[in-house]
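Enquirer: Any chance you could fold what I've pasted below:
(chains A, B and C)
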Amino acid sequence: MLAGAGSGKTRVLTHRIAYLIEEKGVNPWNIMAITFTNKAAGEMRERVDRLVGFGADSIWVSTFHSSCVRILRRHIESLGFTTNFTIYDTDDQKTLMRHVLKKLDLDPKVYKDRAMLGLISTAKNELVSAAEFELNASGDFRQKKAASVYKEYQSQLKKNNALDFDDLIMKTVELFQNNSEVLNYYQERFRYIMVDEYQDTNTAQFRLISLLAGKYKNLCVVGDDDQSIYKFRGANIENILNFEKSYPGARVIKLEENYRSSQNILHAANEVIRHNRGRKDKTLWTSNEEGPLVQFKQFENAAEEADAIVRDILNSASDYQDCAVLYRTNAQSRLIEEKCLQHNVPYRMVGGVNFYQRKEIKDILAYLKTIANGRDDLSVLRVINVPKRGIGATSIGKVQAFASEREMGIYDAFCRAKAVPGLGKTADKVLGFTEKIEDFRSRLTEETYSIHELIEDILDETGYQKELEAEGEIEYQTRLENIEELINKAISFEGEHEHPELSEFLEEVALVADVDRMDESENRVTLMTLHSAKGLEFPRVYLSGMEDGLFPSMMSISSDNKEDVEEERRLCYVGITRAQKFLMMTAARQRMVNGETRYSKVSRFVEEIPGELLDSSRLEQRLSSRAQSDFDDSGLPWGKSGAAGRTSGVSSFGPGSNAYASKTSKPVSTPGFGKAFTVEKPLSLGYKEGDRVSHIKFGIGEVKEIKDGGRDFEVTVHFDHAGVKKMFASFAKLKLVRE
DNA sequence: ATCTCCTTGTTTTTT
DNA sequence: ACAAGGAGAT
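Expert: You can find the predicted model right below:
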């Protein structure tokens, strides 16, 4: 099925499931629905449950990766791993790769970890094993080196009883190909297979599906070639374009009615995507209302752009949760965030630094992994000296040498620290660590001991929390908060499972991406990259940074491969079609990129939209480049072009309407641009001790204490739900609540 | 063993 | 601009 954006793909899939069960008498047990994200899986699960009712829970609705994990947990022993294997994320992979490069004595300047991992990932996505890679590399010196890196990387993974994300798919394919009994079992089990977002499948995923569907050939895939935006991750657009060739006799159904966007938005999207070659021709139409024109505004710099977006959200009088600001790169989020804080607009940022990539979370998880899987060297090494135990690099090196001599895991070597030559007094410190781990392990065997208790005990008994406390007030607060979120996650996991297993908890955590944690119930503006926005929709969408060189990116423009710009164009198409009722595209004439001011033209994608579909206001070609003093934001964002292009009914703003009129100045950021905002000490706070205030993240609470800390006020608030927090007034942006 | 300064490399990233 | 990793100093 070729389904355009907003044409109700998920609806079709879920109804097909219901149809199969109710009309065709298919056993729900025989149905499998595969998606790419947990979020999509969750959404589908919910809809299927509602539609199907009885038996719905025996349908497999899951992502590629979690399906594979489920299968591997049962059968991976035939591939030489144990069933409690660990899943390595990108950071783990990097760490492991550094070990590999060191071991092979390769110059990290010539053989970069990221490049090597990229090579390996591409290979795995194409189902090329280390051995095959080596064969293909014959002759080329660099390729040969890469092959040895790949080989060593795999053997290290195996030694650690770990798989990386790509392995999850590839090993499952391997399992099916080597073991016809297992394959047959799953072919019988999944007689009806449905795949969402099929345009994003890579070769390995394609093979996996072909194997599963090979017997009964009841395969239904849904996708949109125009929304393929993951080529850089191995997604193979040919999978969908050639579907009819791979499956002769397949019926292709096109869905071209869009139920999401207004006519003007949809027309703009169609106009942009029309410029791509090599796509299945289709033109989306809608019977929705015409809606307002798509807005386009160009600003002098990125700060003005961000400011205008946030102001427009405020002026639109829409709910915050109806608005999304999308951008090409995560780096762009900072300015928008700052402006939201400045204008007291609550926001939620998706992406950026992933929750599970944060140091404190990784530390705790490394402890848990060490406890669950003693063979995971990476995790053991991560926490052996965290908190500091006086076990340094030299001592660890000695143990590693000892371990590799005997071909044992690093943890086992630590346990036998006394036998390691030259450790001396350090051996006792090491044993202190392993004894603690053993202690935790034995507690886990008790029926009543839970995962969240374990986390709390780790914090307390290893001295981890003590070390965090020493880091400083605000740092400590946020880190502890993150850990608390992990504890909450553990508690809810315990609630969902009758016999909560630590390894299962770790697996769930390993497969969760950031978008999944987005809580839609809160009224906040959503900030995210265009990539993370796929599959979502919002009444009001702002596409920021529409500049040539940023979007499309410089890389794609200067690439020899014309298709690279086409992928960016598809990304733009995805962005435009997220909008239901209102779309504004914005650009900045100058922007700081990698520490340098960059001047850019308006994005070619904007130019591709015919003028009559756009309500646009651009800056004159040459403006005085004199830095303006926008100390109190007196420079109207689109002031140079007067009120032109502004939607009617928008209340005016400008000098005087600023909520933060009185400030002492302490300009810190936006170098090169006169004085701008940032965190400044307010003369008065607008609240006093005993008042009720609200915080963007912690909610509502009572002010317990206000201390003048010189440059800023330090405020202690007891929040109703988040507990007592100490924070700096200019940073926290507390707002008085009248009750 | 740990702290501090310097060099380095910076698209996107469902899992 | 900015963060992270590595080398050299304490």
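Enquirer: For the rest of this, base every contact and every neighbour count on C-alpha atoms.
Expert: OK.
Enquirer: all helices in the stretch 351-500 of chain A, in order from the N-terminus.
Expert: A:359-372, A:377-383, A:393-406, A:410-415, A:426-444, A:451-461, A:464-469, A:473-496 (DSSP state H, counting those that start in this stretch).
Enquirer: Please convert these to TSV, extending it with distance to DNA strand C and mean neighbour count.
Expert: Listed next are the helices of the stretch 351-500 of chain A as TSV, based on distance: least, Cα to the nearest atom of the strand, whole Å; neighbours: other Cα atoms under 10 Å:
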stretch	distance to DNA strand C	mean neighbour count
helix A:359-372	8	21
helix A:377-383	12	21
helix A:393-406	11	15
helix A:410-415	19	21
helix A:426-444	18	17
helix A:451-461	22	17
helix A:464-469	16	16
helix A:473-496	13	16
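Enquirer: Including distance to residue A:168 and mean pLDDT, could these go into CSV?
Expert: Output for those, formatted as CSV (distance: least, Cα to Cα, whole Å; pLDDT from 0 to 100):
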stretch, distance to residue A:168, mean pLDDT
helix A:359-372, 18, 90
helix A:377-383, 19, 89
helix A:393-406, 27, 86
helix A:410-415, 24, 92
helix A:426-444, 27, 93
helix A:451-461, 25, 94
helix A:464-469, 32, 85
helix A:473-496, 23, 84
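Enquirer: And those: which comes nearest residue A:16?
Expert: helix A:473-496 (28.5 Å; Cα to Cα).
Enquirer: which one of the helices of the stretch 351-500 of chain A lies closest to residue A:7?
Expert: That would be helix A:473-496 among the helices of the stretch 351-500 of chain A, by Cα to Cα, at 33.9 Å.
Enquirer: May I have that closest one exported as PDB, CA atoms only?
Expert: Only the C-alpha atoms of helix A:473-496 are listed here, as PDB (Å, rounded to 0.1, in the frame of the first residue of the first chain):
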ATOM      1  CA  GLU A 473      23.500  22.300  44.000                       C
ATOM      2  CA  ILE A 474      21.800  22.700  40.700                       C
ATOM      3  CA  GLU A 475      23.800  19.900  39.000                       C
ATOM      4  CA  TYR A 476      22.900  17.600  41.900                       C
ATOM      5  CA  GLN A 477      19.200  18.500  41.700                       C
ATOM      6  CA  THR A 478      18.800  17.600  38.000                       C
ATOM      7  CA  ARG A 479      20.900  14.500  38.200                       C
ATOM      8  CA  LEU A 480      19.000  13.200  41.200                       C
ATOM      9  CA  GLU A 481      15.800  14.000  39.400                       C
ATOM     10  CA  ASN A 482      16.800  11.900  36.400                       C
ATOM     11  CA  ILE A 483      17.700   9.000  38.700                       C
ATOM     12  CA  GLU A 484      14.300   9.400  40.400                       C
ATOM     13  CA  GLU A 485      12.700   9.100  37.000                       C
ATOM     14  CA  LEU A 486      14.600   5.900  36.500                       C
ATOM     15  CA  ILE A 487      13.300   4.700  39.800                       C
ATOM     16  CA  ASN A 488       9.800   5.600  38.800                       C
ATOM     17  CA  LYS A 489      10.300   3.700  35.600                       C
ATOM     18  CA  ALA A 490      11.400   0.700  37.600                       C
ATOM     19  CA  ILE A 491       8.300   0.900  39.900                       C
ATOM     20  CA  SER A 492       6.000   1.000  36.900                       C
ATOM     21  CA  PHE A 493       7.800  -1.900  35.400                       C
ATOM     22  CA  GLU A 494       7.300  -3.800  38.600                       C
ATOM     23  CA  GLY A 495       3.600  -3.000  38.400                       C
ATOM     24  CA  GLU A 496       3.300  -4.300  34.900                       C
END
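Enquirer: Just list the residues touching whichever residue of the stretch 51-200 of chain A sits closest to DNA strand C, thanks.
Expert: For the stretch 51-200 of chain A, the residue closest to DNA strand C is residue A:98, as judged by Cα to the nearest atom of the strand, at 7.1 Å. Counting by Cα atoms under 8 Å, 6 or more residues apart in numbering, residue A:98 touches residue A:113.
Enquirer: Wait, a helix at it?
Expert: Yes. Checked against DSSP: H, G, I helix; E, B strand; the rest coil, residue A:98 lies within a helix.
Enquirer: Look at residue A:281 and say how many residues are nearby.
Expert: Using other Cα atoms under 10 Å, residue A:281 is surrounded by 9 other residues.
Enquirer: Please tell me how far it sits from DNA strand B.
Expert: Note on residue A:281: its distance to DNA strand B, by Cα to the nearest atom of the strand, to the nearest Å, is 22 Å.
Enquirer: State the helix or strand in which that residue lies.
Expert: Using DSSP states H and E, residue A:281 falls within no helix or strand.
Enquirer: Look up how far residue A:37 lies from it.
Expert: 27 Å (Cα to Cα, to the nearest Å).
Enquirer: cool, residue A:135 as well?
Expert: 35 Å.
Enquirer: any idea how far stretch A:174-182 is from the chain center?
Expert: 32 Å (Cα atoms, centre = their mean, to the nearest Å).
Enquirer: pLDDT averaged over it - what is it?
Expert: Averaged across stretch A:174-182, the pLDDT comes to 95.
Enquirer: So what would you say the end-to-end distance of that stretch is?
Expert: Terminal-residue distance, stretch A:174-182 (Cα to Cα): 11 Å.
Enquirer: Now do the contacts for the closest residue to residue A:479 other than its chain neighbours.
Expert: Spatial nearest neighbour of residue A:479, excluding adjacent residues (Cα to Cα, 6 or more residues apart in numbering): residue A:360 at 6.5 Å. If you count contacts by Cα under 8 Å, 6+ apart, residue A:360 has them with A:479, A:482, A:483.
Enquirer: will you turn those into CSV that also has distance to residue A:231?
Expert: Supplementary listing: the contacts of residue A:360 in CSV, determined by distance: Cα to Cα, whole Å:
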residue, distance to residue A:231
A:479, 35
A:482, 33
A:483, 35
